[in-house]
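Q: got a predicted structure plus its sequence, pasted below:
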Amino acid sequence: MTDDRTDDRTDDADPARGVFGISVASDLVGTGVQNLRAYERAGLLTPDRTSGGTRLYSPDDVARLRRIQRLLADGLNLAGVARVLDLEDDNTDLREQLDRALDAQAPTSSS
DNA sequence: TTTCTAACA
DNA sequence: TGTTAGTA
């Protein structure tokens, strides 16, 4: 029913391109807007910015914010969270390359 | 909406 | 140290 993607919907659902206001993002994660700014200041995430300087959080950023709160609740500080997020990000990229390399090496039964 | 400062746990 | 509150 809502599968009408043949309309004039040029922009596809890009999880990293969605735009949420800081108030919406803060509400989604269950925190205040000031906290989101503190996280950005700590380098935990970098939301996109509009021409007016308004922060635009994407669904991917919101998911990361939830991971941030998860790590904070685990006892980590902003510096520790930044470190974990950075490592996880690199790990995801490395795993993707590894999976691609393995698939290219053995697409079917190996020799 | 943004930024800053102040105070609290 | 991190969060909340109020303000311009």
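A: Everything's here; your move. Numbering: from 1, shown residues only, chains lettered A, B, ... in the order given.
Q: please tell me the pLDDT value assigned to the closest residue to DNA strand B within chain A.
A: In chain A, no residue comes nearer to DNA strand B than residue A:23, which is 3.1 Å away by CB to the nearest atom of the strand. Any C-beta I mention is one placed from the backbone N, CA and C, and that applies to glycine too. Looking at residue A:23, its pLDDT is 92.
Q: OK, contacts around it?
A: residue A:33 (CB atoms under 8 Å, 6 or more residues apart in numbering).
Q: buried ones in the helix or strand containing residue A:99?
A: Secondary-structure assignment from DSSP states H and E places residue A:99 in helix A:78-105. Under the neighbour-count criterion of 16 or more other CB atoms under 10 Å, helix A:78-105 has A:78, A:81, A:82, A:84, A:85 buried.
Q: for the host helix or strand of residue A:63, packing partners?
A: Residue A:63 is part of helix A:59-73, with elements assigned from DSSP H and E. Helices and strands touching helix A:59-73, by 3 or more CB pairs under 8 Å, 6 or more residues apart in numbering; DSSP states H and E, are helix A:22-29, helix A:33-42, helix A:78-105.
Q: least trustworthy helix or strand in chain A by mean pLDDT?
A: Lowest by mean pLDDT, DSSP states H and E among the helices and strands of chain A is strand A:48-49, with a mean of 89.
Q: what does chain A put close to DNA strand C?
A: Contacts of chain A with DNA strand C, taken as CB under 7 Å from any atom of the strand, map to A:31, A:32, A:34, A:35, A:38, A:39, A:42, A:69, A:72, A:77, A:78, A:79.
Q: spatially nearest residue to the fourth one, not counting backbone neighbours?
A: Think residue A:35. residue A:26 (6.9 Å; CB to CB, 6 or more residues apart in numbering).
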